[in-house]
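Q: I'll drop the sequence and a predicted model, then ask my questions.
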There are 2 protein chains.
Amino acid sequence: MADVTPPVAEPRESDPRAGLSIAEAARRTGVSVHTLRYYERAGLVITGVDRTAGGWRRYHQADLKWITVCTKLRATGMPIRDIRRYAQLVSAGPGNEKERLALMEAHRADVVSKLAELQDCLGLIERKVDIYRERLSAGQADHLWTPERLSAAG
Amino acid sequence: MADVTPPVAEPRESDPRAGLSIAEAARRTGVSVHTLRYYERAGLVITGVDRTAGGWRRYHQADLKWITVCTKLRATGMPIRDIRRYAQLVSAGPGNEKERLALMEAHRADVVSKLAELQDCLGLIERKVDIYRERLSAGQADHLWTPERLSAAG
DNA sequence: CTAAAACCTCGCGCGCGCTTCAGGTCAAGC
DNA sequence: GCTTGACCTGAAGCGCGCGCGAGGTTTTAG
């Protein structure tokens, strides 16, 4: 575990204090390197990612943590521009909690209603699954279906 | 309730058996008339929407029902092309339940994992909401916050 | 020192799901 | 019959969230 060359699959990243390469950061945050650079350009990454003397990005834990917040907001459907707005608020420091709260509460309401809709539609999907299972087992027994086209239900 | 002219907000649609205009169908399915036409062009609407002699669409209950299935699939993130595939299967009639089942089960798995992800991210959002609420009530009392920037958590 | 691999910026491209526009046609009230 | 508004088709346009490629620089392995 000391100086052994790491397998090709997991490249160097030798010194933890030196930070991670963009490729490794991508792996750990679950987005592509393109997306990482895009998020930075788009003003989402307010942690000010380190650079080497030559200009290569070096990611630290705080960066990854914040980027993960961003990806979770994205995953819940928050548009980039809203995440940027939120990032600006956070970056501006204490004193704007009211606006942050409003933003997050609005988004929470959004997510909650999305969840409800998803649950509702999941019901339809599961009914379909059940129907097709029934038809299949019935069909394998006696090949008897009622013609469905008349019902227009699929 | 008999022959009274309906209010402007809800236009004619006098004879129920004659079917509904595209505008009314849009209202009832919750999508725009553009989207209705687009779905038809895209091959989603397998119910064969009626037309007047002049070429205007007339929607019946079966159409609305099927379109609602489509919108629910869309609402759960199924891409148009997959809905089209499903529509083709349904339209082909009985005998392909196996493929329909596979399609729906795959989509169900998708929706379930989406739900889980949404729930997870909702946790983050609610923690943020709580934090900002606390900060606000604490702040209104004594204007004392710990500087957050060091925590990189937002 | 050198070669290969990883990274850089800039900017164009793309897939998706509609939306809008142009230029007409149709339907319904009066 | 005439006007007004809803509707038609076909095609182009758009906003979003990345993906990709060119052309060049930096790192790292050997």
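A: Okay, I see it.

Q: low-scoring stretches of chain A, by residue?
A: For chain A, the stretches with pLDDT under 70 are A:1-16, A:140-154.

Q: let's see that with 80 instead.
A: A:1-17, A:139-154 (pLDDT under 80).

Q: quick check: residues of it near DNA strand C?
A: Within chain A, the positions adjacent to DNA strand C are A:11, A:21-24, A:33, A:37, A:55-57 by C-beta under 7 Å from any atom of the strand. In this view, the C-beta of every residue, glycine as well, is placed from N, C-alpha and C.

Q: what about the helices in chain A?
A: Secondary structure of chain A (DSSP state H): helices at A:22-29, A:33-41, A:61-75, A:80-91, A:97-142.

Q: hmm, the longest one touching DNA strand D?
A: No: applying C-beta under 7 Å from any atom of the strand, one finds helix A:97-142 separated from DNA strand D by no less than 12.5 Å.

Q: could you say what helices and strands that helix packs with?
A: helix A:80-91, helix B:61-75, helix B:97-142 (3 or more C-beta pairs under 8 Å, 6 or more residues apart in numbering or on different chains; DSSP states H and E).

Q: got the helices of chain A as JSON lines, with mean neighbour count columns?
A: Output for the helices of chain A, formatted as JSON lines (neighbours: other C-beta atoms under 10 Å in any protein chain shown):
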{"stretch": "helix A:22-29", "mean neighbour count": "17"}
{"stretch": "helix A:33-41", "mean neighbour count": "16"}
{"stretch": "helix A:61-75", "mean neighbour count": "19"}
{"stretch": "helix A:80-91", "mean neighbour count": "17"}
{"stretch": "helix A:97-142", "mean neighbour count": "15"}
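
Q: which of these sits closest to B:Thr29?
A: Across the helices of chain A, B:Thr29 has its closest neighbour in helix A:97-142 (14.0 Å, C-beta to C-beta).

Q: against B:Gly30, how distant is the nearest residue to A:Glu117 once chain neighbours are set aside?
A: Of all residues not flanking A:Glu117 in the chain, B:Ala75 sits nearest, at 5.6 Å (C-beta to C-beta, 6 or more residues apart in numbering or on different chains). Distance of B:Ala75 to B:Gly30, computed by C-beta to C-beta, to the nearest Å: 9 Å.

Q: give me the most central residue, chain A.
A: A:Ala75 (3.8 Å; C-alpha atoms, centre = their mean).

Q: surely it is in contact with B:Gln119?
A: No: with contact defined as C-beta atoms under 8 Å, A:Ala75 does not count as touching B:Gln119 (11.0 Å).

Q: related to what we said a few turns ago, in this structure the residue nearest to A:Glu117 contacts A:Leu115, no?
A: No: contact between B:Ala75 and A:Leu115 fails when scored by C-beta under 8 Å: they sit 11.9 Å apart.

Q: quick one on the thing from earlier: how about the helices and strands packed on helix A:97-142 in TSV, adding distance to B:Tyr86?
A: Below are those laid out as TSV (distance: least, C-beta to C-beta, whole Å):
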stretch	distance to B:Tyr86
helix A:80-91	31
helix B:61-75	7
helix B:97-142	6
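
Q: out of those, which is closest to A:Ile67?
A: Per C-beta to C-beta, nearest to A:Ile67 of these: helix A:80-91, 10.6 Å.

Q: and the closest one, how far out from the chain's middle?
A: Centroid separation between helix A:80-91 and its chain, computed with C-alpha atoms, centre = their mean, to the nearest Å, is 16 Å.

Q: what angle sits between that helix and helix A:61-75?
A: Note on geometry: by axes from the mean of the first three to the mean of the last three C-alpha atoms, to 10 degrees, helix A:80-91 and helix A:61-75 are set 140 degrees apart in direction.

Q: contact partners of helix A:80-91?
A: A:42-46, A:70, A:73-74, A:78, A:96, A:99-100, A:103-104, A:107, B:148, B:154 (C-beta atoms under 8 Å, 6 or more residues apart in numbering or on different chains).

Q: same check on stretch A:94-111?
A: By C-beta under 8 Å, 6+ apart, stretch A:94-111 touches A:73, A:76-78, A:82, A:85-86, A:89-90, B:118, B:121-122, B:125-126, B:128-129, B:132-133, B:135-136, B:139, B:145, B:147-148, B:154.

Q: again, 7 Å this time
A: A:76-78, A:85-86, A:89, B:118, B:122, B:125-126, B:128-129, B:132-133, B:135-136, B:139, B:145, B:147-148 (C-beta atoms under 7 Å, 6 or more residues apart in numbering or on different chains).
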